[in-house]
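Colleague: please find the sequence and the predicted model below.
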Amino acid sequence: MGRTIALGRRRIALELRQFFRDRESALFNFMLPMILLVIFGSVFAEQQVGFGDVTFSQYFLAGMIASGILYTSFQNLAIAIPMERDDATLKRLQGLPMPKASYFIGKAGMVFTAYIAQVFILLVVGVLFFGVNLPDSAAKWFTFAWVSILGLLSCTLLGIAFSVVPKQGKGASAIVAPIVLVLQFTSGVFFVFTQLPTWMQTFASFFPLKWLTQAMRYVFLPDGAQVIEASGSWDLGMCALVLGAWTIAGFLIAIKVFRWAPRGSGG
């Protein structure tokens, strides 16, 4: 166990170097949420969401931070790992040998670091250009922390598990990106959640992003804003339950299906 953790810690540093070395990918992960915030925040600058003077920018920031979890973890890994599998990077790691758990730790460490940087950028842009209010209580910051951690863990493990679906790395983005986009449209990121059709709300409730956006709205919207939620409550307990369940499921699936080599090569 000690060797596995030590290898994982060393792997984090390597993963971060590789992540920032790929400037296009790093720029996409950092800039896309910010660009979307600027576009939607500018277009709907004065629009309110149905509670007091809460603007769409304040509402949208919560959704983009939740989406940032999905971008840096699930989308990033589900695209990058098949490419590493194709160019034999994973095969070389297997030959070291590199335990699966150490590899997972390395990816998780990279994801957590990238997310922190991404959130910092979003908060700076939101506060300086759109007058977004930051959480005003320790309870909300604590919720922000545990929701972020559970969200990153679950989506990281799901990204690793889903990485076996694309047959080739070059086609991974064509499979993964539409899934992420559909989840964003149905989970209350681009629109007020209660304005969506009931079937969309039901569909979204099975996946982590809906609960991440709802919990982030608790963090960034004022007290009492839960009246605009579908249930009239923040349902933080259900959020923790769903994210915890997806974390466990993601871990079990990732351990079971993760492959070092492409299909048919015996890895």
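Modeller: Here it is on my side, so go on. Numbering: from 1, shown residues only.
Colleague: residue 223 looks like it's in a helix, true?
Modeller: No. Counting by DSSP: H, G, I helix; E, B strand; the rest coil, residue 223 is located in no helix; its state is coil.
Colleague: now it: how far from residue 196?
Modeller: Distance of residue 223 to residue 196, computed by CB to CB, to the nearest Å: 24 Å. C-beta coordinates here come from the backbone N, C-alpha and C atoms, glycine included.
Colleague: do the same with residue 123
Modeller: 26 Å.
Colleague: for these two, indicate the residue with more neighbours.
Modeller: Comparing residue 123 with residue 196 by neighbour count (other CB atoms under 10 Å), the higher total belongs to residue 196, at 19 against 15.
Colleague: in this structure the more buried one contacts residue 189, no?
Modeller: No. Counting by CB atoms under 8 Å, residue 196 stays clear of residue 189, with 10.6 Å between them.
Colleague: starting at the chain centroid, how far to the helix or strand containing residue 240?
Modeller: Residue 240 is located in helix 236-257, with elements delineated by DSSP states H and E. The chain centroid and the centroid of helix 236-257 are separated by 14 Å, computed with CA atoms, centre = their mean, to the nearest Å.
Colleague: do the same with stretch 52-72
Modeller: Centroid separation between stretch 52-72 and its chain, computed with CA atoms, centre = their mean, is 12 Å.
Colleague: likewise stretch 214-234?
Modeller: How far stretch 214-234 lies from its chain's middle: 20 Å, per CA atoms, centre = their mean.
Colleague: what is the end-to-end distance of that stretch?
Modeller: One end of stretch 214-234 sits 7 Å from the other (CA to CA, to the nearest Å).
Colleague: could you do stretch 12-32 as well?
Modeller: Rule used - CA to CA; the end-to-end distance of stretch 12-32 is 24 Å.
Colleague: contacting residues around it?
Modeller: Applying CB atoms under 8 Å, 6 or more residues apart in numbering, the external contacts of stretch 12-32 come out as 71-72, 76, 80, 105-107, 109-110, 113-114, 117-118, 121.
Colleague: what two of those are the furthest from one another?
Modeller: Distances among those were taken as CB to CB; the most separated pair is 105 and 121, at 25.2 Å.
Colleague: re earlier: drop anything exposed from the contacts of stretch 12-32.
Modeller: When the contacts of stretch 12-32 are checked for burial by 16 or more other CB atoms under 10 Å, the buried set is 71, 72, 76, 80, 105, 106, 107, 109, 110, 113, 114, 118.
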